[in-house]
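In: Quick one: sequence plus predicted model below, questions after.
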Amino acid sequence: MSAAKATHLEILRLLRQSEGSFVSGSVLAEKVAISRPGVWKHINRLKQMGYEVQSRPRRGYMLVAVPDSLAPGEIVPDLATGWLAHSYHYLPTIGSTNDYALILAAEGAPHGALVVAEQQTEGRGRLKREWMSHPNRGIYLSILLRDLLPIRVAPQSSFIGALALVKMLREEFGIAASIKWPNDVLIGGRKVAGILTETQSDQDFTRFIVMGMGINVNHSREEMAGPFRYPATSIAIETGLAVKRQKVLLGFLHRFEREYERFLGSGFSALLPEIEQYSEMLGKTITVVYGNRQIVGKAAGISAEGALLLLREDGSQEPVWAGDVVRIEGGV
């Protein structure tokens with residue numbers, strides 16, 4: 001973080017602390033150790049970023065409104081995580097947050113580093129499918145995880161991300177979200193978020209994992225009516241109200257850190273009962289497509305390794321490790 005960036009964020013923090021009141025230029029100048037003309041310069045920078053700041057002679061400056069932004073000044077001051085997102089990388093526009101996080105990982109970025117963007121131009125889901133990323137509507141993020149994990153365990157991070165988002169949506173917004181194996185979050189059978197996990201490893205253990213997620217937050221019904229593979233929705237559509245994306249991001253980060261630490265401390269089996277509880281599929285007849293193969297059966301559970309357990313018509317149980325769920329009892 002540059003000195004200039006740190007200075008304007010410090011001024012923003014001071015204005016936030018005095019919300020609804022003016023703060024004199026001399027007080028701001030003294031607290032951040034710059035001149036009063038320097039304060040004016042950084043106030044103008046905040047205005048260019050979308051912050052509405054009133055200025056009055058002999059009274060100073062007052063923060064009136066903040067932009068709907070995921071910039072560090074809107075997120076970092078309210079982070080209550082122990083390690084997650086302390087290295088915060090914000091990009092107004094990027095091809096793919098996962099690609100950027102992979103570069104950061106190769107350059108030595110720390111465990112828990114977060115990449116977040118207002119828009120992706122080359123966002124992707126599983127099987128290289130395009131992920132639509134309307135600017136300033138959703139949350140597009142990637143988390144770098146550096147714990148040494150067995151390769152077979154790495155895909156389980158997708159479940160941790162899905163569980164964290166589902167629990168946050170239920171607790172913070174009262175939305176009955178659910179998990180669609182292996183990497184989607186649904187609301188009422190419609191997709192609100194997708195997860196893409198990418199791993200680099202040395203034989204038996206991971207070197208690092210990048211967990212990417214796209215969350216539909218303030219998308220309109222018209223924006224969600226496009227040519228998607230699966231029906232889509234957004235948090236705003238489900239609540240009927242525009243949602244503060246800052247609240248969604250902060251709530252998810254806090255919950256993800258908690259669930260990830262449970263995973264490290266107690267293993268995937270500790271999370272499995274809740275993952276199954278919030279599953280969209282368990283007990284339903286589903287169709288899974290993998291390559292040229294199509295499998296039909298009743299979703300009986302999820303294994304301790306993360307495989308979907310299908311009960312076939314002949315009574316046999318088959319673990320499915322990868323594939324697309326293309327039908328759920330006539331639904332998605």
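Out: Received the coordinates, thanks.

In: residue boundaries of the strands in the stretch 101-250 of the chain?
Out: Taking DSSP state E, counting those that start in this stretch as the test, the strands found in the stretch 101-250 of the chain are 114-120, 139-145, 177-180, 184-187, 190-202, 205-215.

In: can I get those strands in a markdown table with mean pLDDT?
Out: A markdown table is the format used below for the strands of the stretch 101-250 of the chain (pLDDT from 0 to 100):
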| stretch | mean pLDDT |
| --- | --- |
| strand 114-120 | 95 |
| strand 139-145 | 97 |
| strand 177-180 | 95 |
| strand 184-187 | 96 |
| strand 190-202 | 92 |
| strand 205-215 | 94 |
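
In: Which among those is found nearest to residue 298?
Out: When the strands of the stretch 101-250 of the chain are compared by C-beta to C-beta, strand 177-180 sits nearest residue 298, at 15.6 Å. Heads up, the C-betas are built off the backbone N, CA and C, glycines and all.

In: okay, now the closest residue to residue 34 other than its chain neighbours: neighbour count?
Out: The shortest distance from residue 34 to any non-neighbouring residue, by C-beta to C-beta, 6 or more residues apart in numbering, is to residue 7 (6.5 Å). Residues within reach of residue 7, counting by other C-beta atoms under 10 Å, total 18.

In: Check the gap between residue 21 and residue 27 for me.
Out: Look at residue 21 and residue 27: by C-beta to C-beta, to the nearest Å, they are 11 Å apart.

In: Between those two, point out the one with more neighbours.
Out: For the pair residue 21 and residue 27, the greater number of neighbours falls to residue 27 (15 against 11), based on other C-beta under 10 Å.

In: now could you export just the CA positions of stretch 43-62 as CSV?
Out: Output of stretch 43-62 as CSV, limited to C-alpha atoms (Å, rounded to 0.1, in the frame of the first residue of the first chain):
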residue,chain,number,x,y,z
ILE,A,43,-10.6,14.8,-0.1
ASN,A,44,-10.8,15.4,-3.8
ARG,A,45,-9.4,12.0,-4.4
LEU,A,46,-12.1,10.5,-2.2
LYS,A,47,-14.7,12.4,-4.2
GLN,A,48,-13.3,11.0,-7.4
MET,A,49,-13.8,7.6,-6.0
GLY,A,50,-17.5,8.2,-5.4
TYR,A,51,-17.5,9.4,-1.8
GLU,A,52,-19.8,12.4,-1.2
VAL,A,53,-18.0,14.8,1.1
GLN,A,54,-19.4,18.2,2.1
SER,A,55,-17.0,21.0,2.8
ARG,A,56,-17.8,24.2,4.8
PRO,A,57,-15.6,27.2,5.5
ARG,A,58,-14.5,27.2,9.2
ARG,A,59,-16.2,23.9,9.8
GLY,A,60,-14.2,21.5,7.6
TYR,A,61,-15.4,18.3,6.0
MET,A,62,-18.3,15.8,6.6
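
In: before we move on, back to that, confirm that the residue nearest to residue 34 lies within a helix, as I assumed.
Out: Yes: with the criterion set as DSSP: H, G, I helix; E, B strand; the rest coil, the secondary structure at residue 7 is a helix.

In: average pLDDT across the helix or strand hosting residue 91?
Out: Under the criterion of DSSP states H and E, residue 91 resides in strand 88-94. Average pLDDT, strand 88-94: 94.

In: Now for this protein: which helix has the highest residue count?
Out: Counting residues, the longest helix found in the chain (DSSP state H) is helix 245-266.

In: packing partners for it?
Out: On a contact count with 3 or more C-beta pairs under 8 Å, 6 or more residues apart in numbering; DSSP states H and E, helix 245-266 meets helix 72-75, strand 139-145, helix 156-173, helix 268-277.

In: Give me the buried positions along it.
Out: For helix 245-266, burial by neighbour count (16 or more other C-beta atoms under 10 Å) applies to 245-246, 248-257, 259-260, 262-263.

In: circling back: need the helices and strands packed on helix 245-266 in a markdown table (columns: mean neighbour count and distance to residue 84).
Out: What follows is these, written out as a markdown table (neighbours: other C-beta atoms under 10 Å; distance: least, C-beta to C-beta, whole Å):
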| stretch | mean neighbour count | distance to residue 84 |
| --- | --- | --- |
| helix 72-75 | 21 | 12 |
| strand 139-145 | 25 | 7 |
| helix 156-173 | 22 | 11 |
| helix 268-277 | 15 | 17 |
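
In: so can I have TSV of these showing distance to residue 38?
Out: As requested, the helices and strands packed on helix 245-266 are arranged in TSV below (distance: least, C-beta to C-beta, whole Å):
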stretch	distance to residue 38
helix 72-75	18
strand 139-145	33
helix 156-173	39
helix 268-277	50
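
In: Pass me the low-pLDDT residue ranges in the chain, would you?
Out: For the chain, applying pLDDT under 70 flags the ranges 1-5, 123-133, 226-229, 330-332.

In: Remind me which helix or strand the residue sitting furthest away from the middle of it belongs to.
Out: Residue farthest from the centre of the chain, counting by C-alpha atoms, centre = their mean, is residue 58 at 43.2 Å. Per DSSP H and E: residue 58 is located in neither a helix nor a strand.
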